[in-house]
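Trainee: Show me the folded form of this:
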Amino acid sequence: METSVDVDHVASEDSCEIPLTPNVKASNVPPFVDVFYPQNIMENTMYIVVHDPPGLTFPHRLLIAISMRELNPGDPLTFTVSAKMRWMAPARIITYQCWNLSHRTTPRLPTDLQHELCSHLDIPSLVAMQRTCRSWSRLVTDLLLKERLRIVQTFFPNGDAFLRILADAHAVVGGRAALSFITRDASILQGELDVFVGKHFGDFLDFIFGDGSQLGMTRTSTATGVVEGVDRQVTFMTFGGRTVKLHVSATNSPLGAIAQGSTMSAFINYVSWSTFGCVYPSLTFSRRALAPRKEDLEDIHVQIIEEMESAHGFEFGMQPQCFEIFPAGTEPNLDKPQYPCARHQFMCPHQGRYFGDAGSFVSVFDPIVTSRQLLRRRHSLPYGLSFVWRSPTSFAICDGPCIYWDPLLPSHTRAETFVVVLGPPVFQPEQC
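Mentor: Next comes the predicted model:
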C-alpha cells in the first residue's frame with residue numbers, strides 16, 4: 001500500500017528545535033541515500049531518504065525516520081531506537097529540503113542582524129518567532145527579559161530584586177509600564193510605576209516597600225476608596241524623584257484592580273515574573289482603545305487620553321465599530337445588521353472578559369522553562385483565582401446577547417471575582 005507523507009507532518013516529528021544539516025554524503029553512504037541528521041541525535045529525529053536503489057523499483061522515495069531516546073535520562077549510553085518508514089513523493093522531499101534550508105538555518109544569521117530584525121517586530125510576532133526553534137526561543141526570551149528589566153531599572157537600580165519580590169507576593173506590573181512593554185514603546189513610560197497586588201498579599205508588599213532597606217523607597221501617602229476595585233493606593237518615592245504606586249486590590253486577584261481601575265481598554269495589561277498579557281490585543285496592538293466619552297470622565301483622565309492621542313498615536317472610541325478592524329465576513333449585529341457584531345472578536349463593551357480567555361493575548365517569557373498549560377495546572381496567574389469584567393465604556397450599539405445572556409456575568413453586572421478551573425491543581429511553587 002502506497003502512503004504519501006505530508007511535509008508539515010514530517011517537520012512536526014522533528015520538533016523544529018535544532019537546525020538539520022541536509023543531504024550529507026559520507027564515504028559509507030551509497031549514492032541513492034540522502035541523510036538528514038540533527039546536531040544532537042538524542043534530542044531530534046534523523047531522516048534517511050532512499051531513492052532508486054539498484055535492482056529495485058520504488059513508486060516513491062522511501063522516508064525512514066529514526067528516533068533515539070535515552071532509557072535512563074541523562075545517561076546517553078542507554079538508549080532505544082525506533083524507526084518509521086513511509087513513502088514520500090519526489091516533490092515533497094524537494095519541498096522538505098527547501099524548508100530545511102530556508103527555515104532551519106535562519107538562527108545562524110549574525111547576532112547583530114538577528115537583533116536588528118527583532119527590533120522591528122511587535123510582541124505577537126516575537127512570540128511567534130519564539131516558538132519556531134530553540135535558537136530563536138533563547139534570543140527572544142533574552143530580549144523580552146531585558147526589555148522588562150530596562151523598564152523596572154528606570155525606578156530601581158536592582159531591578160532583579162524588585163521583580164523577585166513581586167513574584168513572592170504574586171503581584172504584577174500594570175499601567176503605563178505594562179503598556180510600554182506590550183507595545184514596545186519606551187516613550188509611553190513616564191515617572192510612575194504601577195504595581196498591583198491581591199488583598200491577601202497587600203500588607204506584605206506594603207511592608208516590604210515601606211521598609212526601605214531593600215529597595216530604597218519612602219512611603220509618601222496612602223489613600224482609600226479612590227478607584228473602583230482598589231482597596232487602597234500607597235505611593236512611594238524612589239530615586240530620581242520617581243514614584244511607585246502600589247494598588248492593593250479589593251479582592252485576592254491583582255488583575256481585578258487593573259480591570260476595574262482602568263478607564264480605557266489600552267491599560268488593561270499586565271507583566272508578571274513569568275507571563276505577560278493583554279485583554280484587547282486587536283485594539284491595543286493597532287493603537288486603538290475603548291473609553292467613555294470625555295464628558296463623562298474626570299479632567300485627569302481626559303488629559304491622559306489627549307496625551308495618548310497626540311504623543312503616541314492612539315485612537316479612542318466608545319465602541320469597536322468606530323474602528324476599521326473587523327475582518328471580512330464578520331457576522332452582523334443582531335439589532336443593527338449594518339454594523340459588525342463585536343462579540344465574535346471579543347471586543348463587545350458588554351461582553352464578560354478575563355485574562356486568559358479566548359480573545360486575550362497571554363504568553364510566557366521562557367517557553368522552554370514553563371508553559372501556559374503548566375500555569376493552568378498550577379492555577380498561577382492569570383489562571384486560577386481571577387476576575388471577570390465588562391469594558392470601561394458602558395456604551396453598546398445593541399441590546400444583544402452580551403447584556404442578558406453572557407455566560408460569565410449577569411445582566412448589568414460590572415465585574416465579579418471568579419475561579420477559572422482548568423484541571424486538577426498542582427501545588428508547586430513557581431520557579432524563580
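Trainee: per-residue pLDDT, residue 92?
Mentor: As predicted, residue 92 sits at a pLDDT of 51.
Trainee: wait, residue 85
Mentor: pLDDT, residue 85: 79.
Trainee: and the nearest residue to it once chain neighbours are set aside, bridged to which residues?
Mentor: Among residues not flanking residue 85 along the chain, residue 64 sits closest, at 5.2 Å (C-beta to C-beta, 6 or more residues apart in numbering). For glycine as for every other residue, the C-beta is placed from the backbone atoms N, C-alpha and C. Beta-bridge pairing for residue 64 (DSSP bridges): residue 48, residue 85.
Trainee: my guess is residue 64 meets residue 51, correct?
Mentor: No - with contacts counted by C-beta atoms under 8 Å, residue 64 stays clear of residue 51, the gap being 11.8 Å.
Trainee: before we move on, the earlier item: check contacts around the residue nearest to residue 85.
Mentor: 47-50, 83-85 (C-beta atoms under 8 Å, 6 or more residues apart in numbering).
Trainee: switch to 6 Å and redo it
Mentor: For residue 64, the contact set (C-beta atoms under 6 Å, 6 or more residues apart in numbering) comprises 48, 83, 85.
Trainee: Same question for residue 192.
Mentor: residue 243.
Trainee: again, only this time at 8 Å
Mentor: Residue 192 is in contact with 175-176, 242-245, counting by C-beta under 8 Å, 6+ apart.
Trainee: Check residue 62 too.
Mentor: 49-51, 85-88.
Trainee: neighbour-wise, which of these leads?
Mentor: For those, the largest number of neighbours (other C-beta atoms under 10 Å) sits with residue 88, at 23 neighbours.
Trainee: quick one: the closest residue to residue 195 other than its chain neighbours from residue 154, how far?
Mentor: Excluding its sequence neighbours, the residue lying closest to residue 195 (C-beta to C-beta, 6+ apart) is residue 246, at 5.2 Å. According to C-beta to C-beta, to the nearest Å, residue 246 stands 17 Å off from residue 154.
Trainee: Tell me which of the two has more neighbours.
Mentor: A side-by-side neighbour count of residue 246 and residue 154, using other C-beta under 10 Å, places residue 246 first with 25 against 19.
Trainee: Just checking: what are the partner strands of the helix or strand hosting the more buried one?
Mentor: Using DSSP states H and E, residue 246 sits within strand 243-249. Strand 243-249 pairs in its sheet with strand 192-197 (parallel), strand 230-237 (antiparallel), by DSSP bridges.
Trainee: and the next element down the chain from it?
Mentor: Downstream of strand 243-249 (by DSSP H and E), the next one is helix 254-261.
Trainee: list the helices and strands the stretch of helix or strand residue 303 belongs to packs on?
Mentor: Taking DSSP H and E as the definition, one finds residue 303 inside helix 299-312. Applying 3 or more C-beta pairs under 8 Å, 6 or more residues apart in numbering; DSSP states H and E, we find helix 299-312 packed against strand 315-317.
Trainee: picking that back up, let me see the mean pLDDT of the strand holding residue 246.
Mentor: Mean predicted confidence for strand 243-249 is 93.
Trainee: Report the angle between it and helix 254-261.
Mentor: 100 degrees (axes from the mean of the first three to the mean of the last three C-alpha atoms, to 10 degrees).
Trainee: Report the distance from strand 243-249 to the chain centre.
Mentor: Its chain's average C-alpha position is 24 Å from that of strand 243-249, according to C-alpha atoms, centre = their mean, to the nearest Å.
Trainee: the helices in the stretch 51-200 of the chain, which residues?
Mentor: Along the stretch 51-200 of the chain, the segments classed as helices by DSSP state H, counting those that start in this stretch run 90-99, 111-119, 123-130, 134-153, 159-168, 175-183, 199-211.
Trainee: And residue 389, how far from residue 348?
Mentor: 13 Å.
Trainee: Please compare the two by neighbour count and tell me which comes out ahead.
Mentor: Set side by side, residue 389 and residue 348 show more neighbours around residue 348, with 28 against 25, by other C-beta under 10 Å.
Trainee: so where is the stretch 101-250 of the chain shaky, pLDDT-wise?
Mentor: Filtered on pLDDT under 70, the stretch 101-250 of the chain yields the residue ranges 101-110, 212-214.
Trainee: May I have the secondary structure class of the residue nearest to the spatial centre of the chain?
Mentor: The centre of the chain sits closest to residue 363, judged by C-alpha atoms, centre = their mean, with a distance of 2.1 Å. What DSSP: H, G, I helix; E, B strand; the rest coil gives for residue 363 is strand.
Trainee: hang on, it packs against residue 277?
Mentor: Yes - with contact defined as C-beta under 8 Å, residue 363 reaches residue 277; the gap is 7.4 Å.
Trainee: ok, back up a step: what residues does the strand holding residue 246 touch?
Mentor: Contacts of strand 243-249 (C-beta under 8 Å, 6+ apart): 155, 174-175, 191-199, 202, 205-206, 209, 217, 220, 227, 229-238, 254, 256-258, 261.
Trainee: what about dumping the CA coordinates of it to CSV?
Mentor: Taking Å, rounded to 0.1, in the frame of the first residue of the first chain, the C-alpha atoms of strand 243-249 are listed here in CSV:
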residue,chain,number,x,y,z
THR,A,243,7.2,57.3,42.2
VAL,A,244,5.9,53.8,42.7
LYS,A,245,2.1,53.4,43.3
LEU,A,246,1.0,50.2,45.0
HIS,A,247,-2.6,49.3,44.2
VAL,A,248,-4.0,46.8,46.7
SER,A,249,-6.9,45.0,45.1
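Trainee: Please tell me the pLDDT value assigned to the residue lying farthest from the centre of the chain.
Mentor: Going by C-alpha atoms, centre = their mean, the residue of the chain most distant from its centre is residue 55, 54.9 Å out. On pLDDT, residue 55 comes in at 74.
Trainee: Starting from residue 31, give me the distance back to it.
Mentor: Counting by C-beta to C-beta, the gap from residue 55 to residue 31 is 14 Å.
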